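Trainee: Model the following, please.
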Amino acid sequence: MRYAQLIAGCRLFLAGCAVLTAAFGLAGCARKTAGTDRVLLTLACWEGPEGMESLTKLLNRYKAQHPNVDIEVQQVPGTQYYQRLKIQFAGGVAPDIMQLAYDQLPTFADRKTLHPLNALIERDKFPVDKMFPQLPPALKYKGEFYGLPRGWTTFCLYYNKDMFRKAGVPFPREGWTWDDFLDACLKMTKDTNGDGRIDQFGCDAPTQMDGIMYWIWQNGGRAFTPDMKKCLLDSPEAIEAVQFLQDCQYKYKVFPSPDQAQDLGGGSDMFRNGRQAMFIQGRWGSLFFRTAKGMDGKPLDWDVGPVPMRKQKATVLFANTYVLRRDGPNLEEAWKLMQFLTGPEGQRHQARTGRDMPSFVSVANSPDFLDPNYPPDNDRQFLTAAEYARPLELNPNSSAIGELMRAEIVQMFTAKKDVAKTLRSAARRIDKLQEAGL
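Mentor: Presented below is the predicted three-dimensional model:
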């Protein structure tokens, strides 16, 4: 959304402020209760029921240690979250601390809405040097930290062990290739009930930018030049990688078509229900699949392995961060809370939920994360993949670029749009968007 539109939205927002304060919990301008040392912090999040339960436990622990602090949570699940934040920033009523996906950091930081963290990190010796070395670049914009991770993940390959065994296919292993992946998909794509329709697939097509980028990286390609000034999605390496994925769907038919996916539940549900042999996703899938049952009603026997490789090893990483309102009225108290949520104690708590990888190497290698009582058996694969994981190539235009590419990716895999023409057109449109500075 353009800035002028945000201002217009903000005026509407402020016009109904008295009502919205009650509805959205914006809490009045006074952050300290008169005559007391009590502090009210506002924290915005997108958490659903399970995430909210986990966050509430962690916040209650913090409040027990800091009895002068009250924390008001503004919970906005779904796509409205970022829109609301932009309106709040424009109106000067942004929360003290908020969740932000790492790919949103450049957009918000470039607008001077987030508080830079380098000086605070150095002053209070927050242990960013104890994090996985692949992670800090994803938390920075122009060399400055703006976010610290609630948790992060590498993308790995979930696979159904029973399907692999029945097909006589070796389990995914380090060094396996795109050809190995396709061969496995072909052997496990079947019409299991003999009705003439395929109802079990090898894997599925990506739907977003992070879903195609590691394939492009593996083929020696990039999204942009190092200075981010020119889009390279029209390069031969990028076209070849995306063409391979489209061929998996239309030529080899080992990925479900949109209609087939809809009939069978789609994506993670197809893997969970034993309709799909492989599924590529971050660590949060583990929590979803732990209670899964196959078509026979038995618990799903699954594990994780590496994504297939080609010219070089590569996978994508993703981080969910906490950020601070720039020069907020309770900056120091908000920073203390942020250190708790993203520090060792918060990371241990988050690791035990089963959703995220801890940012600190020591916590990730502890039983808090590598818990033998819960699948996957090969949980360490997420840590191994960190050695060759990369963040997306980002700049302040990344939100708009992501929306543009999401629409194009969907068209390539639902309408069979020509891959080369689509990526060349997308690259030109992205270059124009960059030049316009939108």
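Trainee: Quick one: low-confidence residue ranges for the stretch 301-438 of the chain.
Mentor: 438 (pLDDT under 70).
Trainee: Which parts of it are strands?
Mentor: 302-305, 315-324, 389-390 (DSSP state E, counting those that start in this stretch).
Trainee: And these: which comes nearest residue 40?
Mentor: strand 315-324 (15.5 Å; Cβ to Cβ). Just so you know, the C-beta spots here come from the backbone N, C-alpha and C atoms, and that holds for glycine as well.
Trainee: Any idea which of the strands of the stretch 301-438 of the chain gets closest to residue 229?
Mentor: strand 389-390 (19.3 Å).
Trainee: How is this structure divided into domains?
Mentor: For the chain, automatic domain parsing gives the domain ranges 3-152+320-377, 156-316+392-436.
Trainee: Relative to residue 386, which of the ones you listed is closest?
Mentor: Among the domains of the chain, domain 3-152+320-377 sits nearest to residue 386 (Cβ to Cβ), with 5.1 Å.
Trainee: from the middle of its chain, how far away would the closest one be?
Mentor: 15 Å (Cα atoms, centre = their mean, to the nearest Å).
Trainee: quick one on the thing from earlier: quick one, which of the strands of the stretch 301-438 of the chain gets closest to residue 140.
Mentor: Comparison of the strands of the stretch 301-438 of the chain against residue 140 by Cβ to Cβ identifies strand 315-324 as nearest, at 10.8 Å.
Trainee: Make JSON lines from the domains of the chain and add mean neighbour count to it.
Mentor: Shown next, in JSON lines, are the domains of the chain (neighbours: other Cβ atoms under 10 Å):
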{"stretch": "domain 3-152+320-377", "mean neighbour count": "17"}
{"stretch": "domain 156-316+392-436", "mean neighbour count": "18"}
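Trainee: Any idea what the residue positioned nearest the centre of the chain is bridged to?
Mentor: For the chain, residue 318 is the residue whose C-alpha lies nearest the centre (Cα atoms, centre = their mean; 4.5 Å). Bridge pairing for residue 318 (DSSP bridges) gives the partners residue 153.
Trainee: was I right about it contacting residue 151?
Mentor: No. In this structure, residue 318 is not within contact of residue 151 by Cβ atoms under 8 Å, at 9.6 Å.
Trainee: Okay, now the unreliable bits of the stretch 1-150 of the chain?
Mentor: For the stretch 1-150 of the chain, the ranges with pLDDT under 70 are 1-36.
Trainee: Indicate which one of the domains of the chain is closest to residue 384.
Mentor: Of all the domains of the chain, it is domain 156-316+392-436 that lies closest to residue 384, at 7.3 Å by Cβ to Cβ.
Trainee: if we look at stretch 360-373, which residues are touching it?
Mentor: When contacts are defined by Cβ atoms under 8 Å, 6 or more residues apart in numbering, stretch 360-373 is touched by residues 127, 130-132, 344, 347-348, 351-352, 357-358, 379-380, 383.
Trainee: What's the end-to-end length of it?
Mentor: Using Cα to Cα, to the nearest Å, one end of stretch 360-373 lies 22 Å from the other.
Trainee: just stretch 58-76 next, same as before
Mentor: 19 Å.
Trainee: neighbouring contacts of that stretch?
Mentor: 24-27, 37-47, 52, 55-56, 84, 95, 333, 336-337, 340-341, 345-346, 349-350.
Trainee: Can you flag which of the residues you listed belong to helices?
Mentor: Counted as lying in helices by DSSP state H, out of those, are 24, 52, 55-56, 84, 333, 336-337, 340-341, 345-346, 349-350.
Trainee: CSV for those, including distance to residue 140?
Mentor: CSV is the format used below for the ones in helices among the contacts of stretch 58-76 (distance: Cβ to Cβ, whole Å):
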residue, distance to residue 140
24, 31
52, 29
55, 25
56, 30
84, 25
333, 24
336, 22
337, 21
340, 22
341, 19
345, 24
346, 20
349, 25
350, 21
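Trainee: separation between residue 227 and residue 435?
Mentor: 14 Å (Cβ to Cβ, to the nearest Å).
Trainee: And residue 289, by the same measure?
Mentor: Note on residue 289: its distance to residue 435, by Cβ to Cβ, is 44 Å.
Trainee: circling back to that earlier point, the strands of the stretch 301-438 of the chain: which one's closest to residue 78?
Mentor: Taking the strands of the stretch 301-438 of the chain one by one with Cβ to Cβ, strand 315-324 is closest: 15.0 Å.
Trainee: ok now that closest one, how far from the chain's centre?
Mentor: On Cα atoms, centre = their mean, the centre of strand 315-324 falls 7 Å from that of its chain.
Trainee: repeat for stretch 381-389
Mentor: Counting by Cα atoms, centre = their mean, stretch 381-389 comes out at 16 Å from the chain centroid.
Trainee: And stretch 402-411, by the same measure?
Mentor: With Cα atoms, centre = their mean as the basis, the mean position of stretch 402-411 lies at 17 Å from the chain mean.
Trainee: What lies in contact with it?
Mentor: Contacts of stretch 402-411 from elsewhere in the structure, counted by Cβ under 8 Å, 6+ apart, are 103, 206-209, 211-212, 233, 417, 422-423, 425-426, 429-430, 433.
Trainee: farthest-separated two in the residues you listed?
Mentor: So, the contacts of stretch 402-411 by Cβ to Cβ: farthest apart are 103 and 417, at 24.4 Å.
Trainee: by how many degrees do the helix or strand containing residue 61 and strand 315-324 diverge?
Mentor: Residue 61 belongs to helix 49-65 when elements are defined using DSSP states H and E. Angle of helix 49-65 versus strand 315-324, following axes from the mean of the first three to the mean of the last three Cα atoms, to 10 degrees, is 40 degrees.
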